[in-house]
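**Student:** below: sequence and its predicted model.
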Number of protein chains: 2
Amino acid sequence: MINEKMIKLGSSRSVIRELFEYGKILKAEIGEDKVFDFTLGNPSVPCPDEVNNYASKLILEDKSAHAYTSAQGDVNTRKAIVNYNLDKYGYKLDENLIYMTCGAAAAIKIAFSSIISSSDDEILAIAPFFPEYRVFAETSGAKFNYVKCDEENFLVDFNALESAINKKTRGVIINTPNNPSGSVYDEKTIIKISEILDKKQKEYGEPIYLITDEPYREIIFDGEVCPFVPKYYKNTIICYSYSKALSLPGERIGYLAVSPEAENKEDLYFAVMGAGRALGYVCAPSLWQKVLIMHSDKTAETNPYKDNRDILIEALEKLNFTCVNPKGAFYLFVKSPMKDANEFSNIAKTYGLLVVPSDSFGVKGYVRLATCVSTDLIKRSLPVFEKIAKLYNL
Amino acid sequence: MINEKMIKLGSSRSVIRELFEYGKILKAEIGEDKVFDFTLGNPSVPCPDEVNNYASKLILEDKSAHAYTSAQGDVNTRKAIVNYNLDKYGYKLDENLIYMTCGAAAAIKIAFSSIISSSDDEILAIAPFFPEYRVFAETSGAKFNYVKCDEENFLVDFNALESAINKKTRGVIINTPNNPSGSVYDEKTIIKISEILDKKQKEYGEPIYLITDEPYREIIFDGEVCPFVPKYYKNTIICYSYSKALSLPGERIGYLAVSPEAENKEDLYFAVMGAGRALGYVCAPSLWQKVLIMHSDKTAETNPYKDNRDILIEALEKLNFTCVNPKGAFYLFVKSPMKDANEFSNIAKTYGLLVVPSDSFGVKGYVRLATCVSTDLIKRSLPVFEKIAKLYNL
């Protein structure tokens, strides 16, 4: 009488985690230098020294560093987040509508749990999407659906989006800069999405929440800017994480922010607190909450990710691989030289090259390379890509 | 269309958290020295220096301190936990059945989610119980039920337990040393519970899991010993936290261990991993996992809690309050001088004394005092108890 769905979720694991675990075994078997592990978004750039120094000092000097905070999080942390976003994006969030979370995954799960009430309810994503969205939506009792994207640039197919929204659509989740494609939704795109959602929520007489998953917001290149979504759409829920921006993925620190202009914002925030409670989140890790009071405006170096991208893109283009140049995040989404990306991922494995097939992201025929590895690994991997290019006569 | 249950959970909050938040406001209003806040189990004894020093050093020196771990947790952390429990209790857990969690709350929620499959399923607790058990069970889709306890000593009423178990009982949760009563289940009690559960699971032909919530296991006085439950009952799931043992409540670090002798242990562990995934837990905070590799055998000083207990018990007995002397944890469960403990808690508030009424623990007519405060606060609070004793002519 163990929960069958949970057994299935636990025994299948995500494709990403599966490959990551395989990589650990392979490294132990054939040597770390022979494995080119592009599976996991585990940042190679360290957390900034000033942040680490401050955390290290807090542990020794702040007697309340490890104490429970309010379930919503330390009010000073929430105020620091308001100030940072105001400075950077010119938009004032409300600290009383911010809820500190164990990373963006927790924030998304909490957001879904807050807006899903019935098994008819639907969460809509835009491909390519982070595969766990499906897990979080379905295990919150909703249907999960997604819209295919425009594969030219991995932006939004607006007609497809508009057609996919129905009266049971409770939330639409976007992720920009995008994992896995690296595409960044520009202002026009955000405006167009907002217009569609606004039209649809008026049509159905129910709010449709736009959940914006933004762990890569600070990792952006070539002068691009990430529009701040609450500026454009009132019913926005931000899910943010410091996993990538501060290179703290294992520490599980992030937040959820309900837009101060959202409909039913008080009830929505109560539901967020209720969901956090129901899911077993007592508070977000206290040390990192306290660190953020001083350092929510810091970002780990992003140049190494740009360098990695540039080196790899240049090499892959020379070898005739097809790949859109990502404007943000730290992934390359490369067209598989075989129709079946799973098969290609398996063949790549035999060369010690670990890349994630795209099927679970809602797009077939690509592989995702996490380029947040060391630049040295990128350089050492180039001959492997050359071998593979030859194998497929690219 | 926001989830009504979540709104309710978020707007009501737990009584404990409600009082804690009230206490913060009151302190700001009338001064910290005039508030005697016995609400929250926020340990006043610091995390041991050697643990803090090690954590502080890891942040500066271990480049992988903040990296994602496997979803189950770092294998070396899990091995350290096996070794500690083997040394201390002479029972060998299996690192492949241990799952690192964001504290005991997450562990319990994950355990419930793993064993609950239908809305007929039932989780059974023994009063007095931690109120969030109800929230975790009900929001996992199960019925929550509890057995009244023997109010003489706050141990188990075995007849009541046996009668309450039915064919839909998927799990029984116990908590020893107990929050809020401080009672410690002795070996005889654990054996008797095991016998009842064994009989019942044979009768119904389905495993009944014994979930043992043990954050206070290391905080125990007067030469008492906590029996190690998996020794006595095969279908045991341990939910452990370092919140109290290492005074790290805000850091959210603990674990779930499936007994190596449990039925369907592989499936159960898969379900645990699946539930962790579904609930948005990516991994337990990595820094503390790494700290535990070296320090899972450390415990914060427990003598101050014993001193606090002794000072307060002696004073309360002199004042004719009724209270069982707790053998573990850091709470006093005091009989309310009024029938309605909620009313008493409200009156106590007017004296700056914050105590939690017992109703949500499944017992009426008591208040819980968290004695993990400073000994100074305990001493300063005595005149307030004296005033209250006079008020009620004790």
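**Tutor:** That came in fine, so what should we check first?

**Student:** and the closest residue to residue A:226 other than its chain neighbours, how far is that from chain B?
**Tutor:** Spatial nearest neighbour of residue A:226, excluding adjacent residues (CB to CB, 6 or more residues apart in numbering or on different chains): residue A:217 at 5.0 Å. (C-beta placed from N, C-alpha, C; glycine too.) Shown here: residue A:217 relative to chain B, a distance of 19 Å by CB to the nearest CB, to the nearest Å.

**Student:** show me what contacts residue A:217?
**Tutor:** Contacts of residue A:217 were listed using CB atoms under 8 Å, 6 or more residues apart in numbering or on different chains, and they are A:176-177, A:226, A:240, A:245.

**Student:** make sure it is indeed in a strand.
**Tutor:** No. Counting by DSSP: H, G, I helix; E, B strand; the rest coil, residue A:217 falls outside a strand, being coil.

**Student:** one step back: who wins on neighbours among the contacts of residue A:217?
**Tutor:** Neighbour counts for these (other CB atoms under 10 Å in any protein chain shown) peak at residue A:176, which has 28 neighbours.

**Student:** distance of the residue nearest the centre of chain A from residue A:89?
**Tutor:** Centroid-nearest residue in chain A: residue A:215, 5.2 Å away (criterion: CA atoms, centre = their mean). Distance, residue A:215 to residue A:89, using CB to CB, to the nearest Å: 16 Å.

**Student:** test my guess that the residue nearest to the centre of chain A contacts residue A:244.
**Tutor:** Yes. In this structure, residue A:215 is within contact of residue A:244 by CB atoms under 8 Å, at 5.0 Å.

**Student:** these two touch, right, residue A:77 and residue A:295?
**Tutor:** No. In terms of CB under 8 Å, residue A:77 does not count as a neighbour of residue A:295; the distance is 10.4 Å.

**Student:** quick one: is the lowest-mean-pLDDT helix or strand in chain A near chain B?
**Tutor:** Ranked by mean pLDDT, DSSP states H and E, the helix or strand of chain A with the weakest confidence is helix A:15-30, at a mean of 89. Yes. Residues of helix A:15-30 contacting chain B under CB under 8 Å from any CB of the partner chain: A:17, A:21.

**Student:** helices or strands up against that helix?
**Tutor:** Judged by 3 or more CB pairs under 8 Å, 6 or more residues apart in numbering or on different chains; DSSP states H and E, helix A:15-30 is in contact with strand A:36-37, helix A:341-349, strand A:353-354, strand A:356-357.

**Student:** give me the contacts around that helix.
**Tutor:** So helix A:15-30 is contacted by A:13, A:35, A:37, A:39-40, A:131, A:345, A:349, A:352, A:354, A:356-357, A:359-360, B:70-71 (CB under 8 Å, 6+ apart).

**Student:** one more: stretch A:35-44?
**Tutor:** Against stretch A:35-44 from outside (CB under 8 Å, 6+ apart): A:16-17, A:19-20, A:23, A:26-27, A:179, A:243-244, A:247, A:249, A:300, A:304, A:330-331, A:351-356, A:368-374, A:377, A:380-381, A:384, B:67-68.

**Student:** just the buried ones out of these, please.
**Tutor:** Buried members of these, scored by 16 or more other CB atoms under 10 Å in any protein chain shown, are A:16-17, A:19-20, A:23, A:26-27, A:179, A:243-244, A:247, A:249, A:300, A:304, A:330-331, A:351-356, A:368-373, A:377, A:381, B:67-68.

**Student:** now residue A:208. Its backbone dihedrals?
**Tutor:** When read as degrees, to the nearest 10, the backbone of residue A:208 gives phi -110, psi 120.

**Student:** can you check the pLDDT for it?
**Tutor:** Residue A:208 carries a pLDDT value of 98.

**Student:** and it, how many neighbours?
**Tutor:** Close neighbours of residue A:208, defined as other CB under 10 Å, add up to 24.

**Student:** which non-adjacent residue is nearest it?
**Tutor:** Using CB to CB, 6+ apart and skipping residues adjacent in sequence, the residue nearest residue A:208 is residue A:201, 4.5 Å away.

**Student:** ok, that neighbour - contacts?
**Tutor:** A:207-208, A:235.

**Student:** ok, now residue A:60?
**Tutor:** Residue A:60 makes contact with B:52-53, B:56, according to CB under 8 Å, 6+ apart.

**Student:** mind running it again at 10 Å?
**Tutor:** By CB atoms under 10 Å, 6 or more residues apart in numbering or on different chains, the contact set of residue A:60 is B:49, B:52-53, B:55-57.

**Student:** separate out the buried members of these.
**Tutor:** B:52, B:55-56.

**Student:** restricted to helices, list those residues.
**Tutor:** B:52, B:55-56 (DSSP state H).

**Student:** would you turn those residues into TSV with distance to residue B:94 and pLDDT?
**Tutor:** Shown next, in TSV, are those (distance: CB to CB, whole Å; pLDDT from 0 to 100):
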residue	distance to residue B:94	pLDDT
B:52	30	98
B:55	27	98
B:56	32	98
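
**Student:** per-residue pLDDT, the closest residue to chain B within the stretch 101-250 of chain A?
**Tutor:** Closest residue of the stretch 101-250 of chain A to chain B, CB to the nearest CB: residue A:250 (2.7 Å). pLDDT for residue A:250: 97.

**Student:** which residues of the stretch 201-350 of chain A fall in helices?
**Tutor:** Counting by DSSP state H, counting those that start in this stretch, the stretch 201-350 of chain A has helices at residues A:242-245, A:265-278, A:286-295, A:303-318, A:341-349.

**Student:** what about the contacts of residue A:217, which are in strands?
**Tutor:** Under the assignment DSSP state E, the contacts of residue A:217 contribute residue A:240 to strands.

**Student:** could you dump the contacts of residue A:217 to a markdown table with distance to residue A:148?
**Tutor:** Formatted as a markdown table, these follow (distance: CB to CB, whole Å):
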| residue | distance to residue A:148 |
| --- | --- |
| A:176 | 17 |
| A:177 | 20 |
| A:226 | 23 |
| A:240 | 27 |
| A:245 | 29 |
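
**Student:** so how many other residues sit close to residue A:391?
**Tutor:** As a burial measure, residue A:391 scores 12 neighbours (other CB under 10 Å).

**Student:** cool, residue A:297 as well?
**Tutor:** Using other CB under 10 Å, the number of residues around residue A:297 comes to 14.

**Student:** pretty sure it sits against residue A:86.
**Tutor:** No. Taking contacts as CB atoms under 10 Å, residue A:297 lies outside contact range of residue A:86: 11.0 Å.

**Student:** how about the strands in the stretch 51-200 of chain A?
**Tutor:** A:98-101, A:122-126, A:143-147, A:169-175 (DSSP state E, counting those that start in this stretch).

**Student:** most tightly surrounded among those strands?
**Tutor:** A comparison of those by mean neighbour count, using mean count of other CB atoms under 10 Å in any protein chain shown, puts strand A:98-101 on top with a mean of 28.

**Student:** now do it: distance to the chain's middle.
**Tutor:** Centroid displacement of strand A:98-101 relative to its chain, using CA atoms, centre = their mean, to the nearest Å, is 16 Å.

**Student:** let's see it as PDB, backbone CA atoms only.
**Tutor:** C-alpha atoms of strand A:98-101 as PDB (Å, rounded to 0.1, in the frame of the first residue of the first chain):
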ATOM      1  CA  ILE A  98       7.500  37.800  -0.500                       C
ATOM      2  CA  TYR A  99       7.900  34.300   0.900                       C
ATOM      3  CA  MET A 100      11.400  32.900   1.300                       C
ATOM      4  CA  THR A 101      11.800  29.300  -0.100                       C
END
